[in-house]
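coords please:
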Amino acid sequence: MSNVGMFGVLVLLSYYFAFVAAVPEVGHWEVEVPVNTNLFFSKSVFEDTDISFKILCTKIIDVRLSLSVYWSECADAFADVRETFNNSKFMIEVSSDLKPDSIVKNEKQTTCTPNQPVLFGTKVSRAGTQMTILSVNCIDPKNCAGIVDVHVTTDIRSSYGYLSAIEYPLRTFYGVLSLSYALLGFLWLCFTVCHWKDLLRIQYYISLMIFIGLIEHITFYALYETLNRTGLTLKGALVFAIVVSCLKRTLARFLILIVCVGYGITKSRLGAAYRRIVWICVIYLLCCLLDSFLRAFHPRFKPSLSILLGGLPMIVVDLAILWWSFSYLVSTLRETRMRRNKVKHRLYRIFSTLLIGVSVVSVICMGVSVFLLHWKPCTRAWRYIWFDETFWQLLFFAVLFAIVILWRPSSTNRLYARSAFLDPDVEPPPEDLEERLLDVIVSGINDDEQGRKNSKTAATEDEALRWAEENIPSSHDNPAFSDDKPNQGNVSSGVQFKMD
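Next up is the predicted model:
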């Protein structure tokens with residue numbers, strides 16, 4: 001593999017750490033605040049989205065309801081909004097480059113009661129990012145003496161449900177990918193059942209990889225489906241999905257490492273490298289969990305130094321894993337080429353070509369993503385943000401599918417399996433070889449004297465046998481061996497006797 005291809009894959013997979021999405025945009029809020037308070041609700045929406053409020057007060061008072069809806073074609077327009085008061089008038093401050101438009105302004109005077117909710121709302125006619133500001137002000141300050149709280153229930157819902165415009169495609173995406181993982185798992189199960197006697201060790205890890213990927217995407221699909229129906233995010237499901245996602249990514253790196261080392265193909269076991277691989281994967285898992293939880297409970301477009309610092313350890317560990325993986329891959333390719341093992345060399349050549357192709361596609365998509373979504377202060381291509389997040393999932397599935405095809409269980413597994421009888425390479429020494437050698441040396445020293453005695457005894461026995469052969473006559477010359485019955489002719493000790 002060329003250095004350019006290795007560098008491309010390094011850049012690809014180091015950028016993959018940013019996959020974990022931000023906290024999903026909810027569509028249902030229930031808040032209780034003091035009267036004369038401004039409430040903010042920001043969300044990306046499609047056309048004809050309904051915004052509705054149900055307002056209850058802790059006591060009967062007359063209030064003025066003011067509703068303002070600001071719209072922008074920039075997805076990050078309201079990521080960092082600040083409120084100010086100028087001459088007793090409420091104002092918002094955003095970046096001048098984003099240029100939000102005020103599309104709705106409604107006011108209503110009514111009586112707020114503890115039992116009968118006040119209904120108030122509007123409809124947004126444009127697709128984009130909107131920020132809704134609701135003000136509940138007391139008309140007569142005398143009636144609002146003391147503590148008066150306002151309970152506000154807000155729903156921002158489109159015809160399809162509560163999902164935001166940015167995240168709506170994610171539900172369909174995770175549903176389709178869950179079905180794809182299920183079909184891939186079924187295909188892999190069929191291969192496994194048909195050739196279960198010829199399974200390689202690495203194929204067990206591939207089975208676990210498919211299973212974890214299926215669980216991850218089913219969890220994300222259930223998360224977005226629940227959000228679309230209820231408008232709320234299940235934090236328990238989100239935490240579970242994050243943990244499963246980090247486990248999958250860690251296992252993926254473990255799988256890539258052992259594949260590049262040649263486990264089950266050119267080496268029957270990992271030996272001393274096994275502990276190093278396990279430890280670096282454990283460190284990566286901890287860094288992944290830290291970065292993922294920081295991102296999962298942080299707004300999507302709001303910049304944060306903690307997010308950047310939280311991702312740095314994972315980047316360092318990931319780059320170390322990748323560099324180590326490709327170093328092993330180059331070594332394995334060289335080994336199979338020098339040993340003239342065409343079957344295994346072709347397998348790893350296909351795998352390395354796959355990684356180079358993935359790196360080229362990834363660099364192109366990364367450049368397009370940076371130019372459209374990250375380079376400019378205004379993200380107008382907000383309809384494609386979902387693809388920017390899910391592209392790495394698609395790429396991962398494509399690589400996993402290729403691995404399934406290359407390492408699928410078949411009757412030719414023995415051609416790829418590492419065997420001491422078929423392969424010219426030498427079996428790695430056992431881990432307790434040093435102890436065995438020490439035992440042999442010690443036992444040899446202790447038995448040295450006994451060995452000398454045995455040698456002397458053997459020499460004495462040889463001399464006795466030699467003297468017997470030289471001095472004792474042959475057995476056929478002894479008349480004691482002749483037959484006592486003269487009427488029968490026979491052969492005794494090679495001599496025949498006849499009667500006259």
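
counting neighbours, which bits of the strand or helix carrying I212 end up buried?
When secondary structure is defined by DSSP states H and E, I212 falls within helix 201-230. Of all the residues in helix 201-230, those buried under the rule 16 or more other Cβ atoms under 10 Å are 202-203, 205-207, 209-210, 212-224, 226-228. In short, each C-beta sits where N, CA and C put it, glycine included.

do stretch 136-150 as well
Of the residues in stretch 136-150, those with enough neighbours to count as buried (16+ other Cβ under 10 Å) are 136-138, 144, 148, 150.

what does it rub up against?
The contact list for stretch 136-150 (Cβ atoms under 8 Å, 6 or more residues apart in numbering) reads 32-37, 39, 55-59, 61-66, 109, 112, 152.

list buried residues within those.
Of all the contacts of stretch 136-150 considered here, the ones buried according to neighbour count by 16+ other Cβ under 10 Å are 35, 39, 55-58, 61, 63, 65-66, 112, 152.

now stretch 341-348: average pLDDT?
Averaging pLDDT along stretch 341-348 gives 80.

got it, and stretch 311-328?
83.

do stretch 49-58 as well
Averaging pLDDT along stretch 49-58 gives 91.

ok, back up a step: name the residues of the helix or strand just after the helix holding I212 that are buried.
Later in the chain than helix 201-230, the nearest helix or strand by DSSP H and E is helix 235-261. The neighbour-count criterion (16+ other Cβ under 10 Å) identifies 237-238, 240-261 as the buried residues of helix 235-261.

ok, back up a step: could the buried ones among the contacts of stretch 136-150 go into JSON lines alongside secondary structure and distance to C194?
Compiled in JSON lines, the buried ones among the contacts of stretch 136-150 are given as follows (DSSP: H, G, I helix; E, B strand; the rest coil; distance: Cβ to Cβ, whole Å):
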{"residue": "V35", "secondary structure": "coil", "distance to C194": "71"}
{"residue": "L39", "secondary structure": "strand", "distance to C194": "61"}
{"residue": "I55", "secondary structure": "strand", "distance to C194": "65"}
{"residue": "L56", "secondary structure": "strand", "distance to C194": "65"}
{"residue": "C57", "secondary structure": "strand", "distance to C194": "70"}
{"residue": "T58", "secondary structure": "coil", "distance to C194": "70"}
{"residue": "I61", "secondary structure": "strand", "distance to C194": "75"}
{"residue": "V63", "secondary structure": "strand", "distance to C194": "72"}
{"residue": "L65", "secondary structure": "strand", "distance to C194": "68"}
{"residue": "S66", "secondary structure": "strand", "distance to C194": "69"}
{"residue": "C112", "secondary structure": "strand", "distance to C194": "70"}
{"residue": "V152", "secondary structure": "strand", "distance to C194": "61"}
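
low pLDDT regions in the stretch 301-450 of the chain?
Applying pLDDT under 70 to the predicted model, the residue ranges of the stretch 301-450 of the chain that meet it are 301-304, 373-379, 411-450.

need the helices for it, in chain order.
Assigned by DSSP state H, counting those that start in this stretch, the helices in the stretch 301-450 of the chain fall at 305-338, 342-369, 385-406, 413-416, 433-446, 448-471.
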